[in-house]
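Chemist: Make a model of this:
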Amino acid sequence: MDLSQHAAVVNCEAYRDGRKIAHFDIDKVGDFLDDPACFVWIGLAGPDTAAMQALQAAFGLHELAVEDAEGAHERPKLEEYGDTLFMVLHTASLDGDAIVYGETHVFLGCRFIITVRHGPSAGYAKLR
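Modeler: Here you go, the predicted model:
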């Protein structure tokens, strides 16, 4: 998977037994997916079509969910595609005195989570 040229990749982390074991470059995700004891979290912000297609190929994501995650303006929802859940969540945060809204699209499999942010967001470093 060649996502290394995409600015959309924000963070890639690997976990084993509930503990973070590595922060890695996106092109190394296969190293961790080959280990059945690893769980990976890939975070993206505003990815383009090529980035989403690369993730679709690497993780076997459903084409309709990938299409939804490429852009914003989806309604909140939860859908099941085989062994993967796809969620669209609306977010809100403060920008000075104004409330700004964004979206996070989430792909959740048994050994991975992929978050795709659109619009304003505080990020998920603390959550990870």
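Chemist: Could you give the separation of the helix or strand where Val29 lies from the chain centroid?
Modeler: Secondary-structure assignment from DSSP states H and E places Val29 in helix 29-33. Average the C-alpha atoms of helix 29-33, do the same for its chain, and the two points are 15 Å apart (CA atoms, centre = their mean, to the nearest Å).
Chemist: now do stretch 59-78
Modeler: 11 Å.
Chemist: cool, and stretch 73-92?
Modeler: Taking CA atoms, centre = their mean, the mean C-alpha location of stretch 73-92 is offset from the chain mean by 12 Å.
Chemist: Now the terminal residues of that stretch, how far apart.
Modeler: The first and final residues of stretch 73-92 sit 14 Å from each other (CA to CA, to the nearest Å).
Chemist: Enumerate the positions of it that are buried.
Modeler: Neighbour-count burial for stretch 73-92, counted by 16 or more other CB atoms under 10 Å, picks out 81, 84, 86, 88. Using the backbone N, CA and C atoms, a C-beta is placed for each residue, glycine as well.
Chemist: I'd guessed the first one sits against His62; true?
Modeler: Yes. Using CB atoms under 8 Å, Tyr81 is in contact with His62, at 3.7 Å.
Chemist: Name the residues contacting each of these two.
Modeler: Contact criterion CB atoms under 8 Å, 6 or more residues apart in numbering; residues shared by Tyr81 and His62: none found.
Chemist: show me what contacts Tyr101?
Modeler: When contacts are counted by CB under 8 Å, 6+ apart, Tyr101 is found next to 90-92, 119-120.
Chemist: which of those sit farthest apart?
Modeler: Greatest spatial distance among the contacts of Tyr101 (CB to CB): His90 and Pro120, at 11.3 Å.
Chemist: what do these two both touch?
Modeler: Taking CB under 8 Å, 6+ apart as the contact criterion, the common neighbours of His90 and Pro120 are 101-102.
Chemist: Glu103 is in contact with Arg117, isn't it?
Modeler: Yes. If you go by CB under 8 Å, Glu103 and Arg117 touch, sitting 7.4 Å apart.
Chemist: so what sits against both of those two?
Modeler: Counting by CB under 8 Å, 6+ apart, the residues touching both Glu103 and Arg117 are Thr91.
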